[in-house]
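>>> Build me a model from this:
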Amino acid sequence: MDASRENQEMCLPIFSFSHYFDNSTNVPVHTHPATELIYQAGGQCTVTIGKEKFLCTPGDLLVIPPETAHNQISEGPVKTVFVTAVIDARLLSSRTRLIHFGNDPWTPRLMNMIQEMSREVRYELCGGVLYSLVRHIAQFERDQEFGTRNRIVTRAIKLIEANFNRPLNTKLIARSVGVSESYLRAVFLREKKISIFLFLQNYRMAHARRLLQQPYCDIKEVAFQCGYPDAGYFARQFKKIHLCSPTEFRFKLQTRPEFDLRL
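Presented below is the predicted three-dimensional model:
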């Protein structure tokens, strides 16, 4: 058996058990030797896992790691479908979390298929559907994360475009979009292939080049309008990028009209 095939087989989930819950009773504290996936089909309940409490409503999927004690407090009639399986971490993380699937049709469909096959003792079929379910959950989470990253980056860029001429830094931007500075740096670099500091600086410098084409706007005013209260710092940053000072840049524009770096 070659290494790639062996690696692929190691990733296949191993089906253990599946059933449904349709009741208004509470479920006492218990554990499972494998990962448990619980899909909330109807009603509402609170599941306590360690010190964490999760309010589960229709469309939610709860992931519970192996050998992790948990209970369920039902708030009236509750309908859930649950599957336990050994799942390779390379395929899907077993860390505790609640995933909001909303109106996604595939998760309940696949969960119900597994439960029905298990009830009919068709265990040989459960594994294939389980693999599809796990792949679907993993892709859904990736899509959610991608959407979240895009929203954060979009909000950060809009903030820069509206406030580049004011004192602004990564810490202030992160606070405004509601994430940590380190997370914003990582997300922005991943999505835009440039650091947020350089993006802000490039945006300011593009505006500076446009202002320098106006002969009656002095360097201090250009710096201030681009968000640099210190004209000396602005001049140093400008020269680092353009290999000439703002004054030299303006002179080149005046003496060589074709030397136009407008964006």
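
>>> what kind of secondary structure is the residue nearest to Ser93 when sequence neighbours are not counted in?
The shortest distance from Ser93 to any residue other than its chain neighbours is 7.8 Å, reached at Val63 (Cβ to Cβ, 6 or more residues apart in numbering). C-betas here are computed from N, CA, C, even on glycine. Under DSSP: H, G, I helix; E, B strand; the rest coil, the three-state class of Val63 is strand.

>>> Met111 versus Val63, what's the distance?
13 Å (Cβ to Cβ, to the nearest Å).

>>> for Lys158, same thing?
39 Å.

>>> Quick check on these two: which one has the bigger neighbour count.
Met111 (24 against 11; other Cβ atoms under 10 Å).

>>> that older thread, overlap of the contact sets of Val63 and Met111?
Residues touching both Val63 and Met111 (Cβ atoms under 8 Å, 6 or more residues apart in numbering): Leu37.

>>> Summarise which helices and strands the lengthiest helix in the chain is packed against.
For the chain, the helix with the greatest residue count under DSSP state H is helix 123-163. With contacts taken as 3 or more Cβ pairs under 8 Å, 6 or more residues apart in numbering; DSSP states H and E, helix 123-163 sits against strand 14-23, strand 78-86, strand 97-100, helix 106-119, helix 170-177, helix 181-192, helix 196-212.

>>> To Ala138, which of the ones you listed lies closest?
strand 97-100 (10.5 Å; Cβ to Cβ).

>>> circling back: right, so of the helices and strands packed on helix 123-163, which gets closest to Phe54?
Closest to Phe54 of the helices and strands packed on helix 123-163, according to Cβ to Cβ: strand 97-100, at 4.8 Å.

>>> Partner strands of that closest one, with direction?
When pairing is defined by DSSP bridges, strand 97-100 lines up against strand 60-64 (antiparallel).

>>> So what touches the helix or strand following the strand it pairs with?
Next in sequence after strand 60-64, counting helices and strands by DSSP states H and E, comes strand 70-74. Counting contacts by Cβ under 8 Å, 6+ apart, the residues outside strand 70-74 that touch it are 21, 23-31, 43, 45-49, 64, 78.
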